[in-house]
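>>> heads up, no residue letters with this:
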């Protein structure tokens, strides 16, 4: 399960895999990342960049397919993923099961509109059973 935390609030989403999408705030390039929820954290499986963006240039082993640069970031699992939100650009999109929604749509309205704190994504702690 994926946990989405905003301040003291945590929402558990029944997801084992998801895609994060966003548009670079300066160069307006689209970026997508596929993630898996694993026992030891969140593992990025593939990244895609439409064009290039400051700080998001495609690495040398990228493959251009249908206008997107595809690559495997080769990173170990992360304990948590911090999503900064400003309100000045479109919210991050969280896509799962062929449905994409702004990350704020998964939160109660008061938490969804709070752009002061980052949102944290993490693998939910497993309950003993």
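Nice, thanks for sending it over. All figures in this text were calculated on a predicted structure; none of them were measured in a lab.

>>> low-confidence stretches in this structure?
24-28, 52-56, 87-88, 110-116, 126-129 (pLDDT under 70).

>>> can you give me the helices for it?
Assigned helices in the chain, in chain order: 109-112 (criterion: DSSP state H).

>>> taking the centroid of it, which residue is nearest it?
residue 20 (3.5 Å; CA atoms, centre = their mean).

>>> give me the nearest residue to that residue, chain neighbours excluded.
residue 33 (4.9 Å; CB to CB, 6 or more residues apart in numbering). For glycine as for every other residue, the C-beta is placed from the backbone atoms N, C-alpha and C.

>>> and if you look at residue 15?
Per CB to CB, 6+ apart, closest to residue 15 is residue 2, 4.5 Å.

>>> for residue 13, same thing?
In this structure, residue 13 finds its nearest non-sequential neighbour in residue 2, 4.6 Å apart by CB to CB, 6+ apart.

>>> how far away is that neighbour from residue 23?
Using CB to CB, to the nearest Å, residue 2 is found at 22 Å from residue 23.

>>> equivalent analysis for residue 51, please.
Applying CB to CB, the value for residue 51 to residue 23 is 11 Å.

>>> name the residues contacting each of these two.
Taking CB atoms under 8 Å, 6 or more residues apart in numbering as the contact criterion, the common neighbours of residue 51 and residue 23 are 29-30.
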